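# kindly return the folded structure for what I paste below:
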Amino acid sequence: MELKYVFAIGCIGMLLSFQNCSKVDFSANTQTESSNNTAGDNNGDDGATPGDPNTPPGDDTSAPVVRHFQPALAIRAMGCIQCHAQVASNIITDFGYTNNYFFGATPTPNPWKGAVYGDYDYRFSTLGIPSDKAAIVPRATVPQFVQNDVRGVSSLADYIKSRFAISEVASSKSASVTEKSSIYIGAPTEADITSALKLSGGERLKYYKNSSTSPEFSGLKDEGTFMRNEGPLNCDGDLAVRGPLYLENLHINTKSGCRLYVIGSVFMFGPIAYDNSEANRNLQITSTKSISLGLGNVKKDVYGFPVYCEPTSRFALQNSEYGDSSLLIRYSTHWYVKSAYVRQSSDPQAFGDSIVNEARTIEAKTGPFMDAACRSETRNVSFERILLNAPIIHSRYEGNVSGTIIAEVSIMALGQFKFSFDPVFLDVPVLPYLKASTYLEIKD
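Below is the predicted model:
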């Protein structure tokens, strides 16, 4: 969904503002049309035919990738998130395989034991996973520099097995590693969303109901340069949104799922509340750029003086390195940013800076974003029945997360909380207007 990011030796050096590597338990103009959305199969038909939102997605007898593998995490770059993480469900990763930054090979010289796409200080051996769960990886030969440093390792599966074998977590020693012929972890482009949901150049929102009994969409306000929630989000279906999108203390009224396809970044603050008890209520958000939860200024005004909201944080103790904003360091100023590659940009710094600029556009109207530690809910916020997908996903919240995170790069909070797959995704469509090959595809 940071962690107590302490850049201590043997911890995640790149976890910006990421405090101690303590254990994490991962156990508007609106057009409306109707369609009967059900999930597709495991070969990419995870939804409706792209370009024709009125075509029913089809038979739901073959489980899509999410349903079949039930991952809590499907993340390419494990260098930051694995430190003392406890994952209660399956993991899908590829360390950037098929790209030149595989295992941190780019930029050179390759600091693979300190890279977001590598294995920082061999921290995969601190990751906890139940003995009956698996790390799912592609069949891949690791770079020669890894083979030179870790004797007897030639494949990515071999490498992870070698880390599990010496894990400090007992259950990880007997966890399995499963190889597949190929794995794709990504996110949709603007063209993917506009084509699949038939969003024309002048449209800001477009909504397709789950059924004729689904409510009309309401709850987003068009501010001209961004969208924001206003009142309960009545959403039972699929909604294309031209962002960026600002969500604060979100309330959702949905029966079988609200699925947001966002062009631009998503900035979320506060808890997500479901305004009913429907068995299949859930929220799915896919973004072409980033999803940020609780990132912002780490100081608040107290009687006219700026005061750190967490006096013992790295922001307070090492301000010259970390600065005053968790959002800024995550996306722009930390040294790790230059190696946080995503498929949609060849320039990680420019990509991160563009996300910061989207935040600034919203702040011009809402006022400064405040870090979760500085808000009334603090960092103790949990999320359930949630699926998030974007090239980059960052969070500062420390509550339990029940759902699935699909990203190329992700830094989540470290603390005594659990990340686990949410069983609601066994029974509901998963991003049905996107091909699975757009965001998560596994081939045997």
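# so Val307 is in contact with Lys299, correct?
Yes - if you go by CB atoms under 8 Å, Val307 and Lys299 touch, sitting 6.1 Å apart. Yep, even glycine has a C-beta here, placed from its N, CA and C like the rest.
# when these two are compared, which one has more neighbours?
Taking other CB atoms under 10 Å, Val307 and Lys299 do not tie; Lys299 has more neighbours (21 against 12).
# so the closest residue to the more buried one other than its chain neighbours is in which element?
The shortest distance from Lys299 to any non-neighbouring residue, by CB to CB, 6 or more residues apart in numbering, is to Pro306 (4.3 Å). Assigned by DSSP states H and E, Pro306 falls within strand 305-308.
# convert the C-alpha atoms of that strand to PDB, please.
What follows is strand 305-308, C-alpha atoms only, in PDB (Å, rounded to 0.1, in the frame of the first residue of the first chain):
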ATOM      1  CA  PHE A 305       6.500  27.100  13.600                       C
ATOM      2  CA  PRO A 306       7.100  24.200  11.300                       C
ATOM      3  CA  VAL A 307       7.400  21.000  13.300                       C
ATOM      4  CA  TYR A 308       8.200  17.500  12.200                       C
END
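# pLDDT averaged over it - what is it?
Taken as a whole, strand 305-308 has an average pLDDT of 93.
# contacts for that strand?
With CB atoms under 8 Å, 6 or more residues apart in numbering as the test, strand 305-308 has contacts from 298-301, 315-316, 324.
# what lines up beside that strand in the sheet?
Paired neighbours of strand 305-308 in the sheet (DSSP bridges): strand 299-302 (antiparallel).
# and the partner strand, how far from the chain's centre?
29 Å (CA atoms, centre = their mean, to the nearest Å).
# so which bits of that strand are buried?
Residues of strand 299-302 classed as buried under the neighbour-count rule (16 or more other CB atoms under 10 Å) are 299-300.
# output that strand as CSV, restricted to C-alpha atoms.
This file holds the C-alpha atoms of strand 299-302, laid out as CSV (Å, rounded to 0.1, in the frame of the first residue of the first chain):
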residue,chain,number,x,y,z
LYS,A,299,6.2,19.1,8.8
LYS,A,300,3.1,20.9,10.1
ASP,A,301,2.5,24.3,11.4
VAL,A,302,2.3,24.5,15.2
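# low pLDDT regions in the protein?
For the chain, the stretches with pLDDT under 70 are 1-63, 83-85, 109-110, 415-417.
# just give me the residue right at the centre of it.
Centroid check for the chain by CA atoms, centre = their mean gives Ile393 as the closest residue, at 3.8 Å.
# which stretches in the stretch 1-150 of the chain count as helices?
Counting by DSSP state H, counting those that start in this stretch, the stretch 1-150 of the chain has helices at residues 65-69, 144-149.
# can I get the ones you listed in a markdown table with distance to Pro111?
Output for the helices of the stretch 1-150 of the chain, formatted as a markdown table (distance: least, CB to CB, whole Å):
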| stretch | distance to Pro111 |
| --- | --- |
| helix 65-69 | 31 |
| helix 144-149 | 10 |
